[in-house]
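Q: when you get a sec, could you give me coordinates for this:
(chains A and B)
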Amino acid sequence: MTLLLASPALLLIAVVFGWPMLRYAWLSFHAHSVLTGLEPMANGGANWLRLAVDQRFWLDAGQTARFALISVGLELLLALAIALLLHQRWRGRGAVRALTLLPWALPTTMMALGWRWIFNSPYGPIEVLARSLGLNSLDLLSTPSITWLVTVFADVWKTTPFITLILLAGLQSIPEDLYGAFRLEGGTPVQALRSVTLPLLLPYILLSLLFRLAQAFGVFDLVQVLTGGGPAGSTESIALYAYFNGMRFLDFGYSSTVMLAGFLLLTSLILVGTLLLKSFGVLRHIDP
Amino acid sequence: MTLQLRAINKRFGERQVLNQLDLDVANGECVALLGASGCGKSTALRLIAGLDQPDQGSIRINGAEMVDVPAERRKVGMVFQSYALFPHLNVWENLELGLRMRGGTTSARDDRISSVLEVLQLSEQARQRPSQLSGGQRQRVALARALLRDPLVYLLDEPMSNLDAQLREDLRPQLRRLMIGGEQPVVYVTHDQQEAMALADRIAVMREGSIEQIGTPRELYLQPASTYIAQFIGRPQMNLLPAQKGVVTGIRPDDLRLDPDGTPCTILSREWFGSNQMLLVHCNSADLRLVCSGETEIDAEPRISWPTACEHRFDAVSGRRLPSD
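A: Residues are numbered from 1 along each chain as shown, chains lettered A, B, ... in the order given. Below is the predicted model of the structure:
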């Protein structure tokens, strides 16, 4: 009976998630490219062996993880500060709350185009500003050691509002009386942040972490539009590499392998993260 | 007098919530702030606790002015209507949190928590989260926390309004034993007049931000200062007869009696409670409540009367009590 009631949802998951995953898994054990006349031909584990020694893939995996962890970390810290501020009562708070959400409401492509123009050399406003200050050209979008920071910056700018929204909802779920009780117990507002707010916000923090890590690990549109993966592949993500393999080199077998490997890496990243949180006793505070 | 409120004013936006409120509570005395919702009773409590600031006025505890003392240093033990237990901590940790912040050795803390848990019969629940407790157990944890505060004043904000009637009656003796009648003044906010009468030494009935009458339950019941008090204290409500020559006469339902020589009336409804029963009768164009013994036989067309000595007389315009002749 339970299964019967759950079947519509299960069916949906099977169609939109299960089937593509199985298809990826199947394709990853086949050669499927222009060389095979775009017909799948079983090639054993050749794709996976190729992946294991593919330096470009592992470089991209490292870059993707770096991008995801640093972006999401910064977003979380910023969002926490903003959410705490927006939770306080002050004049004009409603308008600021609405404004804060704007970057998130913007389509990624549009905002990436905007930043590409702002950071471009030599005509972008940043360059012009740098020149007027007598600095050399910054070349923000063509310096491998810097350009990845620009992608982080753009991602933080766009998705901090999203985490802010989740955390703000979390803050509003904490009853006001708890703060009153905490003060009467002799606690200062700063102590309340540590002993009341953060533990009770934890489920919301973990939710946004999970959500955003998964999203950032699969980053595609932002990088594609802002840098195209360059300069010199320094901002290329796993998703972008899979896209190049499939759409540019028409090697669907290997593209599927890259995509699936990215998925497995993300899953293990989240698994390791959960185990770490558990071993530090962080999850103990969440009411089952 | 250890708790003293003088000329407290408090506004929330356009609304004057407290209006020149004065209150004195002596050591070991329990004063109930009684009133309908929105009368300012909870606000008064929050001002004493320091969770809100008064616009004007003075709050003294043992003679010391408290208005500029932050809540965390006021030493008040408060029980919230919502209990305000920390959901992410178990019972023991909930009680330990405050003790830890206020210092002291671990062993002294443990001893105090164990003993208070024992007194409140919560030892078994020490490792449980608030979400695993029953309403009555949560309420006792909240009491335990207030007790461990070693407060100068106890503030109870509708501490029993989320419990069922049976549990409330069971908890009253516990409250009496642990908090009320100790050394500290107790301010007990409630909208339940029965609870106020059962627990308080004096009751302050609040209306529109100030105290309409304060006195012992007996005084309020026998000498209500206004028609508002008269109808607020005592159940079933006091009967108010239509005004005659500017005077409203009030009679308690228990003072009405069936009398073969009395005024004839018709029965509108009858509620039987076992030891007593309540009749709603129509008599001389007024509907009156009458309470008599459950054993009494009721005629289809009874006659009623009341002793003049039992009449309460109020001014029809102001509602204030008129001096008895």
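Q: mind checking pLDDT for the residue in chain A that chain B sits nearest to?
A: Here chain A gets closest to chain B at one residue, residue A:185, 3.2 Å apart by C-beta to the nearest C-beta. Where C-beta positions appear, they are placed from N, C-alpha and C, glycine not excepted. If you check residue A:185, the pLDDT there is 92.
Q: just checking, it touches residue B:96?
A: No: using C-beta atoms under 8 Å, residue A:185 is not in contact with residue B:96; the gap is 10.3 Å.
Q: give me the more crowded residue out of the two.
A: Using other C-beta atoms under 10 Å in any protein chain shown, the more surrounded residue of residue A:185 and residue B:96 is residue A:185, with 28 against 19.
Q: give the contact list for the residue nearest to the residue of chain A closest to chain B when sequence neighbours are not counted.
A: Nearest residue to residue A:185, sequence neighbours excluded (C-beta to C-beta, 6 or more residues apart in numbering or on different chains): residue B:98, at 3.2 Å. The neighbours of residue B:98, taking C-beta atoms under 8 Å, 6 or more residues apart in numbering or on different chains as the test, are A:185-187, B:145, B:148-149.
Q: try 10 Å this time
A: Taking C-beta atoms under 10 Å, 6 or more residues apart in numbering or on different chains, we find residue B:98 in contact with A:181-182, A:184-187, B:72, B:77, B:109, B:145-146, B:148-149.
Q: same check, this time on residue A:193
A: For residue A:193, the contacting residues are A:80, A:84, A:187, A:201, by C-beta under 10 Å, 6+ apart.
Q: and those residues, which are buried?
A: A:80, A:84, A:187, A:201 (16 or more other C-beta atoms under 10 Å in any protein chain shown).
Q: pretty sure the third one belongs to a strand, no?
A: Spelled out, it's residue A:187. No: secondary structure of residue A:187 (DSSP: H, G, I helix; E, B strand; the rest coil): coil, not part of a strand.
Q: so it touches residue B:102, yeah?
A: Yes: counting by C-beta atoms under 10 Å, residue A:187 does reach residue B:102; the two are 9.3 Å apart.
Q: work out for me the element the residue nearest to residue B:212 when sequence neighbours are not counted sits within.
A: In space, and not counting its chain neighbours, residue B:212 is closest to residue B:205: 5.0 Å by C-beta to C-beta, 6+ apart. According to DSSP states H and E, residue B:205 maps onto strand B:202-207.
Q: and chain B, which of the contacts of residue A:193 contact it?
A: The residues of these that also fall near chain B, by C-beta under 10 Å from any C-beta of the partner chain, are residue A:187.
Q: what residue ranges in chain A score low on pLDDT?
A: For chain A, applying pLDDT under 70 flags the ranges A:284-288.
Q: scan it for its longest helix.
A: In chain A, taking DSSP state H as the definition, the longest helix is helix A:55-87.
Q: buried stuff in the helix or strand just after that helix?
A: Remark: after helix A:55-87, the chain's next helix or strand is helix A:93-105, criterion DSSP H and E. By neighbour count on 16+ other C-beta under 10 Å, the buried set for helix A:93-105 is A:97, A:100, A:103-104.
Q: switch the residues you listed over to a markdown table; also include distance to residue A:7.
A: Output for the buried residues of helix A:93-105, formatted as a markdown table (distance: C-beta to C-beta, whole Å):
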| residue | distance to residue A:7 |
| --- | --- |
| A:97 | 40 |
| A:100 | 41 |
| A:103 | 40 |
| A:104 | 35 |
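Q: may I ask which two of those are separated the most?
A: Farthest-apart pair in the buried residues of helix A:93-105 is A:97 and A:103; separation 13.3 Å (C-beta to C-beta).
Q: what is in contact with the two at once?
A: residue A:161.
Q: relative to residue A:157, how far out is the nearest residue to residue A:148 once chain neighbours are set aside?
A: What sits nearest to residue A:148 in space, not counting adjacent residues and going by C-beta to C-beta, 6+ apart, is residue A:235, at 5.1 Å. Distance of residue A:235 to residue A:157, computed by C-beta to C-beta, to the nearest Å: 16 Å.
Q: look at these two and report which has more neighbours.
A: residue A:235 (28 against 17).
Q: the more buried one is in contact with residue A:153, isn't it?
A: No: in this structure residue A:235 lies outside contact range of residue A:153 using C-beta under 10 Å: 11.9 Å.
Q: okay, and the common contacts of these two?
A: residue A:226.
Q: element containing the residue nearest to residue B:237 when sequence neighbours are not counted, please.
A: In space, and not counting its chain neighbours, residue B:237 is closest to residue B:231: 5.0 Å by C-beta to C-beta, 6+ apart. For residue B:231, the element it lies in under DSSP H and E is helix B:227-232.
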